[in-house]
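*Asks:* Provided below are the primary sequence and the corresponding predicted coordinates.
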Amino acid sequence: MTPVEQTTTPATIAGIETPAAIVDLGRLAANLDRAASYATSHGIALRPHVKTHKSPVIAREQLRRGAAGLTCATVREVEVMSDVTNDVLFAYPPVGGPRLRRLLSAPAKVRLTVSLDSEAAIDALAATAAAARRTVRVYVEADVGMHRVGVTSADRAVALARRVAGKPSLEYAGLAFYAGHIRQPPAAQDERLARLNDELGAILDALSAAGLTPTVVSGGSTPTLWRTHELPAVTEIRPGTYVYNDRATADLGVCALDDCALTVLATVVSTAVPDQAVVDAGTKALGREPLDDASHAGFGAVADHPDVVVSRMSEEHGILDLRSTSWRPATGDLVRIIPNHVCVVVHLNDVVYGVRGENVETTWPVAARGRT
């Protein structure tokens, strides 16, 4: 990676004011290469979700490795990523006049695709697209077990696809789904993947029978990424977390802890209480998401001492539980914490530091952060 350096970049991590998000550039490159190679070898288009990194710097690296386009969840992400690609999927229900008008103001060069699951969303998108004098591609969203968004029957998918096809300002382009409910280790996913194949098959059969065979079947998640080829209908995958990985991903066995590229650099600020150390990374640096596996407690783990977890937090304080280790950090020491959920951590930072060992090579802004 050769992102543009900023003049304020410190030479080593010792010069970084903590807490801060730091990324091991070697691990990042390996993660990007692995996913790109997997997609290419199985003939599946890779359309990574930018929610994890929110950075044009990383997006360019994904595109350079062959990504077909990018996936976004907020209009801000669409705006930022429109500078690096002409092919963007907005994978979020496009509901609300302000959101729609802003979305449709994306540069005319951008081929915009939207996933949706309701007649109301179709009609509003069609009207807004017509007013903007542009055509928008549409994926009909199906619920295959996550129970968050998406139609829950093949008949509903057919009805929505037919409605999209009848709108002059819309182009029916495909079917989308998100298998976020599959959160078992890859080796334990057989039953749920088989069920997913059956559910997708029923929807696709109904669409084909109605003369609405989708050109694209878009799915995927980081937990199921490496078994996507076992879903033969899928033509496009949208993983996000794989770029950095995190403690939750490693806990599932989808990656190793050594594959976690992003850590939170923190400073030990107190060791006054026996059997604990306090770092300057609390909820505002690490978020507050527990792991799915309740047996693995904590809100992050120390990279070099993974048995040491952040057991509790205040807004600016993280408590390292030292009872199970002989390691005793001193006040002023730097530690790297692997967060439970990296997407939330990135969102909490203005800038990310790219490092190799103790040396800081570059920085880049989290340009697409923000709620909208």
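*Replies:* Arrived safely.
*Asks:* in this structure T9 contacts W364, no?
*Replies:* No: counting by Cβ atoms under 8 Å, T9 sits too far from W364 to count as a contact (10.2 Å). Heads up, the C-betas are built off the backbone N, CA and C, glycines and all.
*Asks:* so the two - more neighbours on which side?
*Replies:* W364 (20 against 15; other Cβ atoms under 10 Å).
*Asks:* so what's the residue nearest the centre of the chain up against?
*Replies:* Among the residues of the chain, the one closest to the centroid is G240, at 2.9 Å (Cα atoms, centre = their mean). By Cβ atoms under 8 Å, 6 or more residues apart in numbering, the contact set of G240 is P48, H49, V50, K51, T52, T71, T222, C343.
*Asks:* and the residue nearest to the first one when sequence neighbours are not counted, what element?
*Replies:* Read it as P48. Distances taken as Cβ to Cβ, 6 or more residues apart in numbering put Q62 closest to P48, at 5.1 Å, once the chain neighbours are dropped. Assessed by DSSP states H and E, Q62 sits inside helix 56-64.
*Asks:* now that helix, how far from the centre of its chain.
*Replies:* How far helix 56-64 lies from its chain's middle: 14 Å, per Cα atoms, centre = their mean, to the nearest Å.
*Asks:* so how far is the helix or strand following it from its chain's centroid?
*Replies:* On the C-terminal side of helix 56-64, the nearest following helix or strand under DSSP H and E is strand 70-72. Averaged C-alpha coordinates place strand 70-72 at 9 Å from its chain's average position (Cα atoms, centre = their mean).
*Asks:* stretch 318-328 now?
*Replies:* Distance, centroid of stretch 318-328 to centroid of chain: 31 Å (Cα atoms, centre = their mean).
*Asks:* mean confidence for it?
*Replies:* Across stretch 318-328, the average pLDDT comes to 97.
*Asks:* also stretch 13-33?
*Replies:* In this model, stretch 13-33 carries a mean pLDDT of 98.
*Asks:* show me where the stretch 51-200 of the chain has helices.
*Replies:* Ranges of helices within the stretch 51-200 of the chain are 56-64, 75-81, 97-103, 119-131, 154-165, 190-209, based on DSSP state H, counting those that start in this stretch.
*Asks:* most packed of these?
*Replies:* helix 75-81 (a mean of 23; mean count of other Cβ atoms under 10 Å).
*Asks:* packing partners for that helix?
*Replies:* Applying 3 or more Cβ pairs under 8 Å, 6 or more residues apart in numbering; DSSP states H and E, we find helix 75-81 packed against helix 56-64, strand 70-72, strand 87-90, helix 97-103.
*Asks:* how does it look with 6 Å?
*Replies:* Secondary-structure packing of helix 75-81 (3 or more Cβ pairs under 6 Å, 6 or more residues apart in numbering; DSSP states H and E): strand 70-72, strand 87-90.
*Asks:* who touches the last one?
*Replies:* The one in question is strand 87-90. For strand 87-90, the surrounding residues in contact (Cβ atoms under 6 Å, 6 or more residues apart in numbering) are G69, L70, T71, C72, V78, M81, V110, R111, L112, T113, V114.
*Asks:* how about 8 Å then?
*Replies:* 47, 68-73, 75, 78, 81-82, 103, 106, 110-115, 139, 218, 238.
*Asks:* let me have the helices of the stretch 51-200 of the chain in JSON lines, extended by distance to L28.
*Replies:* Shown next, in JSON lines, are these (distance: least, Cβ to Cβ, whole Å):
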{"stretch": "helix 56-64", "distance to L28": "8"}
{"stretch": "helix 75-81", "distance to L28": "18"}
{"stretch": "helix 97-103", "distance to L28": "29"}
{"stretch": "helix 119-131", "distance to L28": "35"}
{"stretch": "helix 154-165", "distance to L28": "37"}
{"stretch": "helix 190-209", "distance to L28": "28"}
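*Asks:* how about those helices, which one is nearest H42?
*Replies:* helix 190-209 (14.7 Å; Cβ to Cβ).
*Asks:* the nearest residue to A187 once chain neighbours are set aside: neighbour count?
*Replies:* Once flanking residues are discounted, A187 sits nearest to G253: 7.4 Å by Cβ to Cβ, 6+ apart. Using other Cβ under 10 Å, G253 has 13 neighbouring residues.
*Asks:* please consider this matter closed, and thank you.
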